[in-house]
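Participant: structure for the following, please:
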Amino acid sequence: MLKKFLRSLELSRKGKYMGFEESGRAYHRAGNNCSVSLYKTFAEKLGMSEEEAARLAPPPRSEGGKCGGYLAGRKIIETLKPEAAEEFEKRFFEINGDNKCASLILKRRLKGKNCNDLVGETAEIIESLL
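Facilitator: Next up, the predicted model:
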């Protein structure tokens, strides 16, 4: 996993742009949880290092069992563009139908998707709103 992530970073440094979706997925594949993956992806936009971002990422399921990707996405949008928070919420629910971690995992498995897909999709939502 770490080799794939480092290879992605290497390609990015060679001028092949790694977008937010790809970056989020790479952090997740490297072993970060959904929340930390998104916070690290948007660390530069948040004006902090990846290490600081990882410390500030909300713990998954910390708010009534809500998905870490949802919690992180909402907090990132609230920080960077508060007026887009309602639109983030709307788009997340249009794609996922829920924000509870356990039910999202089950629903995604039935569709052949996983948490890495959720991280990528959430990064795309955030990017589109900025």
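Participant: what about the residue nearest the centre of the chain, helix or strand, and which?
Facilitator: In the chain, the C-alpha nearest the mean C-alpha coordinate belongs to residue 38, at 3.2 Å (C-alpha atoms, centre = their mean). In this assignment (DSSP states H and E), residue 38 forms part of helix 34-41.
Participant: buried residues in the helix or strand following that helix?
Facilitator: Sequence-wise, the next helix or strand downstream of helix 34-41 (DSSP H and E) is helix 43-46. By 16 or more other C-beta atoms under 10 Å, the buried positions in helix 43-46 come out as 43, 46. To be clear about C-beta, it is placed using only N, CA and C from the backbone, and glycine gets the same treatment.
Participant: could you shift the numbering so residue one becomes 38, and keep it that way?
Facilitator: Will do, 38 is the new start, and the previous item becomes helix 80-83.
Participant: with only the CA atoms kept, save helix 80-83 in PDB.
Facilitator: Presented in PDB, the C-alpha positions along helix 80-83 are these (Å, rounded to 0.1, in the frame of the first residue of the first chain):
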ATOM      1  CA  ALA A  80      -4.100  20.300   4.200                       C
ATOM      2  CA  GLU A  81      -2.500  22.800   1.900                       C
ATOM      3  CA  LYS A  82      -5.900  24.500   1.300                       C
ATOM      4  CA  LEU A  83      -6.500  24.500   5.000                       C
END
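Participant: helices or strands up against it?
Facilitator: helix 87-93, helix 105-117 (3 or more C-beta pairs under 8 Å, 6 or more residues apart in numbering; DSSP states H and E).
Participant: neighbouring contacts of that helix?
Facilitator: With contacts defined as C-beta atoms under 8 Å, 6 or more residues apart in numbering, helix 80-83 is touched by 76, 86, 87, 89, 90, 113, 116, 117, 167.
Participant: repeat that with 6 Å
Facilitator: 87, 90 (C-beta atoms under 6 Å, 6 or more residues apart in numbering).
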